[in-house]
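>>> Predicted model and sequence follow; I will ask about them next.
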Amino acid sequence: MSNWQQLHQKFVLKIRKVGNSLGLTLPQEALEKLKVQEGDSVFVTETPAGVMTTSYNPDFEKAMEAYRKVSTKYRNALHELGK
């Protein structure tokens, strides 16, 4: 398999009925690439290029960015709150 094929590997998934819902079953190789396991969350995001599936949580990154902005300025207050 060429490097391009490895970077752009596609997984064909079938939608199946799971109880009263529909679900996708990810092959082991896709789980390994996403670095997820049973019980983890996967995020589906619409992008200009289509739909992206990732284990990256965009809301968590926004929260961490907000923390970074105030962590230096309010270092002492945050230290006291952490006790």
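Looks like it arrived, so ask away. Numbers count the residues shown, from 1 in each chain.
>>> Next up, the contacts around the residue nearest the centre of the chain.
In the chain, the residue lying closest to the centroid (C-alpha atoms, centre = their mean) is residue 55, at 1.8 Å. Counting by C-beta atoms under 8 Å, 6 or more residues apart in numbering, residue 55 makes contact with 34-36, 40-43. Placement of C-beta: from N, CA and C, glycine included.
>>> Now with 7 Å, please.
By C-beta atoms under 7 Å, 6 or more residues apart in numbering, the contact set of residue 55 is 34-36, 40, 42.
>>> Greatest separation within the residues you listed: which pair is it?
35 and 42 (10.5 Å; C-beta to C-beta).
>>> So those two - more neighbours on which side?
Between residue 35 and residue 42, residue 42 has the larger neighbour count (other C-beta atoms under 10 Å), namely 15 against 8.
>>> Need the phi and psi values for the more buried one.
phi -120, psi 140 (degrees, to the nearest 10).
>>> Same question for the one 10 residues further on.
In this entry, residue 52 is assigned phi and psi values of phi -120, psi 140 (degrees, to the nearest 10).
>>> show me where the protein has helices.
Under the criterion DSSP state H, the chain carries helices at the ranges 3-7, 28-34, 58-71, 75-81.
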